[in-house]
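Chemist: coordinates for the following, if possible.
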Amino acid sequence: MKKQFSILILMLAFATSAFAQVKVGYMNPGEVLDQLESVSEVETQIDTLIAQRDRELIAKSNQLQQDFAVYEEGKSVLSAEARATKEQELLDRNEQIEADRENYLNEIRQRRAQLMEPIIGLMDQAIKSVSMELGLDMVLNEITSYGDAIIFYSSEEKLNITSLVIEKIKAEQ
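Modeler: Below is the predicted model:
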C-alpha cells in the first residue's frame, strides 16, 4: 500500500512537472533519528522499562513454576476435585502471565510512541524549514519503513536533504 502510494506521488510529481517545474527533495528519516542524542535517551528509557517488565514477568513465571512443582509432588494425595481446582488455578495464572506480557508489550509500544512524538515533531519542523529554505515543493522518504527503496537514483546529491535536516535539529536542541 505504501509502495503504491509512493509511486502515485512520484507519477503525480512527474505529471505536474509538465505544467511547472516541481522541486523535489528526499531524505532518510532513519538516518536522521540515528544521529539524534534524544533518540538514544528514549531507547535507554525504553530498555529500562523492558528490563523492569522482564523482571516482573520472570518473577511471576518462576513462582508459577515453583507452585507447579509443589503441586506435582503432592497431587497424588489430593482428591480428583482438588486436583482439578489446583490445575485450573495454575492454568489461570499462566494465562494471566501471558495477558500481562501482552499488556507490557503494548505499554512499551505506547511509551516509545509517546517519547518519540516530540522528536518526530521536531524532525517534521526541520524538514519543513529546510524545504522552505531550499524552495522545495515536495520531500520524499528515501526508503520505506520496511527498507524498500523509494528513491533508486538521483542525479543530484543536493536533492538529499538528510544532512541538512540533521544540522537543523541539532541547532535547535
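
Chemist: elements contacting the lengthiest helix in the chain?
Modeler: Ranked by number of residues, the top helix in the chain under DSSP state H is helix 80-134. Counting contacts by 3 or more Cβ pairs under 8 Å, 6 or more residues apart in numbering; DSSP states H and E, helix 80-134 packs against strand 24-27, helix 29-34, helix 37-74, helix 162-172. For glycine as for every other residue, the C-beta is placed from the backbone atoms N, C-alpha and C.

Chemist: for Asp100, find the nearest of those.
Modeler: Distance to Asp100, taken as Cβ to Cβ, is lowest for helix 37-74 among the helices and strands packed on helix 80-134, at 6.4 Å.

Chemist: could you say which of the helices and strands packed on helix 80-134 is packed most deeply?
Modeler: strand 24-27 (a mean of 21; mean count of other Cβ atoms under 10 Å).

Chemist: now do that strand: which elements does it pack against?
Modeler: Against strand 24-27 (3+ Cβ pairs under 8 Å, 6+ apart) you get helix 80-134, strand 138-141.

Chemist: could you dump those to TSV with distance to Thr48?
Modeler: Formatted as TSV, these follow (distance: least, Cβ to Cβ, whole Å):
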stretch	distance to Thr48
helix 80-134	10
strand 138-141	30
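
Chemist: worst average pLDDT in those?
Modeler: Lowest mean pLDDT of the helices and strands packed on strand 24-27: strand 138-141, a mean of 83.

Chemist: quick check: buried residues in it?
Modeler: Val139, Leu140, Asn141 (16 or more other Cβ atoms under 10 Å).
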